[in-house]
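Engineer: coords please:
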Amino acid sequence: MDALIPTRVVSNTIRFFLHAKGSRMIAALHGWLLCVACLYSFYPAMAADAPEKTRVNAIGMEFVLIPAGTFIMGSPLGETYRGVSEIEHPVTISRPFYMQTTEVTVDQWRAVMGRRFFAKKKGAGNMPVTKVSWHDCKKFIRKLSQMTGDTYLLPTEAQWEYAARAGSKTAYFWGDTIDCTRAMYANNPTKYDACVSENRSSGLDAKRPAPVMRYPPNAWGLYDMHGNVWEWCEDLFDRYDTISVVDPCELDSGKDRVRRGGSWYGPGYSCRSANRAYGHPMSRLQNTGFRLVMPLPDQPGESAQPR
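Structural biologist: Model prediction:
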C-alpha cells in the first residue's frame, strides 16, 4: 500500500502530527485513516484505467505504447547529408498512441488480404511485406479493422519521426553513424553494396530486406525504424512550417505521400531519423512497406484521427 500513497501526503501528515497535541492528534489520526482508505481504493482504480504497455491483436500484430511529448522534428544544419526540407521545428504529440513494433509482415498481410492474385505476396512469413501502394495499405487497414473491431491508421509523419527517435537527438537512435550491424541498408549489389558482404556472412540474402526484428530495437521497443523497407505515412509531402505545431498532419497540399526510414536498397544516410522521401500513392515499390498505429480510445471532445 505504501507505494500507492504519494510521498508528499505522507510527509505533510507526519509534520502535522509532530505539532499536534491531544484531541487535535486524535482528529488528525482519524482524518489520516480516512485518507489512506480513499487512496487505497482510488489509486488501484487509476492503475487499472492506465493504458497497457503493449497490445497484441487477433492476428498477432504487436503494438507498443508511445508516450505523449514534445520533440524537435527535422535535422540540425550540421547533420551530414541533411535534406533542405528537414527544417527543425518543435512538435508536440499531444496524446499517447500505440505503434506496431515491426513492419507489417507477409504472414500478417495474407491473414487479412487472403491469397487472391491481387493480394498474393511472395516471401517468408516474417519478411516485411513490400510492393504495396499507399492505397493498398488503406485497404488493408479497412479489412483489419473489420476483422478485429479495432481502429488502425498509418502513422503521421510527425508520429513516425517522434517514435523513431525514441527520445534521441542524433541522426539515428543510437548515434550519428551507421554500420551494417545496426540496420538493413546498402544490400544492393548493383548500386549500394556496402553491406552485401556483411549480410551474406550473417546468413542474409542480397537484394532483399531482412526478416523483421533482425536488428536491435530502439528505446521504445520499435524494430527496423532505420532501414529494411521504407514505410508509408499518412501525410502528403510538403515543406514544413517553421513554427511550433501540435499533432501535425499535412492533408491539404501535395500529390505524393510521405515515406520514411530508408531501406535495404539505398545508402545508410537515407535511414536517418529526419530523412524524408515520398512516392506516388499508387506506386508499388520493392523497397516499400508500412507499419500501423492504433489510437487510444477517444476522450470527450477529442478525435483519434490525424489533424
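Engineer: hey, let's count contacts and neighbours off CA atoms from now on
Structural biologist: Noted.
Engineer: Sketch out the low-pLDDT regions of the stretch 201-307 of the chain for me.
Structural biologist: 299-307 (pLDDT under 70).
Engineer: mind giving me the domain ranges of this structure?
Structural biologist: Recorded structural domains for the chain (assignment: automatic domain parsing) are 2-49, 54-295.
Engineer: which stretch of helix or strand covers residue 136?
Structural biologist: helix 134-148 (DSSP states H and E).
Engineer: on contacts alone, who are the packing partners of that helix?
Structural biologist: helix 106-113 (3 or more C-alpha pairs under 8 Å, 6 or more residues apart in numbering; DSSP states H and E).
Engineer: The helix it packs on - what's its average pLDDT?
Structural biologist: Summarised as a single mean, pLDDT over helix 106-113 is 96.
Engineer: what helices or strands is that helix leaning on?
Structural biologist: Partner elements for helix 106-113 (3+ C-alpha pairs under 8 Å, 6+ apart): helix 134-148.
Engineer: Need the residues that contact the helix it packs on.
Structural biologist: 57-58, 109, 112-113, 151-153, 232, 257, 281-283, 290 (C-alpha atoms under 8 Å, 6 or more residues apart in numbering).
Engineer: now the residues you listed as a markdown table including distance to residue 142?
Structural biologist: As requested, those are exported to a markdown table (distance: C-alpha to C-alpha, whole Å):
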| residue | distance to residue 142 |
| --- | --- |
| 57 | 15 |
| 58 | 15 |
| 109 | 12 |
| 112 | 10 |
| 113 | 10 |
| 151 | 9 |
| 152 | 8 |
| 153 | 9 |
| 232 | 16 |
| 257 | 19 |
| 281 | 17 |
| 282 | 17 |
| 283 | 19 |
| 290 | 15 |
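Engineer: hmm, which of those are the buried ones?
Structural biologist: If you count burial by 16 or more other C-alpha atoms under 10 Å, the buried members of the contacts of helix 134-148 come out as 109, 112, 113, 151, 152, 153, 232, 257, 281, 290.
Engineer: Against residue 196, how distant is the first one?
Structural biologist: Using C-alpha to C-alpha, to the nearest Å, residue 109 is found at 28 Å from residue 196.
Engineer: And the second one, by the same measure?
Structural biologist: Residue 112 sits at a distance of 33 Å from residue 196 (criterion: C-alpha to C-alpha).
Engineer: just the fifth one next, same as before
Structural biologist: Using C-alpha to C-alpha, we find residue 152 at a distance of 35 Å from residue 196.
Engineer: Likewise for the fourth one?
Structural biologist: Residue 151 sits 39 Å away from residue 196, going by C-alpha to C-alpha.
Engineer: wait, what's in contact with the closest residue to residue 173 other than its chain neighbours?
Structural biologist: Spatial nearest neighbour of residue 173, chain neighbours left out: residue 165 (5.3 Å); criterion: C-alpha to C-alpha, 6 or more residues apart in numbering. The contact partners of residue 165, taken as C-alpha under 8 Å, 6+ apart, are 172, 173, 218, 273.
Engineer: ok, now residue 178?
Structural biologist: Counted by C-alpha under 8 Å, 6+ apart, residue 178 has contacts 172, 268, 269.
Engineer: quick revisit: spatially, which two of the buried ones among the contacts of helix 134-148 are the most separated?
Structural biologist: Using C-alpha to C-alpha, the two most remote members of the buried ones among the contacts of helix 134-148 are 112 and 257, lying 23.2 Å apart.
Engineer: The longest strand seen in the chain pairs with which strands, and in what direction?
Structural biologist: Secondary structure of the chain read by DSSP state E shows that its longest strand is strand 230-236. Its sheet considered, strand 230-236 pairs with strand 257-260 (antiparallel), strand 288-289 (parallel) by DSSP bridges.
Engineer: And residue 256, how far from residue 177?
Structural biologist: 29 Å.
Engineer: what about these two, which has more around it?
Structural biologist: residue 256 (18 against 14; other C-alpha atoms under 10 Å).
Engineer: what sits against the residue nearest to that one when sequence neighbours are not counted?
Structural biologist: With C-alpha to C-alpha, 6+ apart as the measure, residue 280 is the residue that lies nearest to residue 256, at 4.7 Å, once sequence neighbours are left out. Residues in contact with residue 280, defined by C-alpha under 8 Å, 6+ apart, are 255, 256, 257.
Engineer: Does residue 171 touch residue 270 like I think?
Structural biologist: No - between residue 171 and residue 270 there is no contact under C-alpha atoms under 8 Å: 10.2 Å.
Engineer: pretty sure residue 200 contacts residue 210?
Structural biologist: No - using C-alpha under 8 Å, residue 200 makes no contact with residue 210, being 11.2 Å away.
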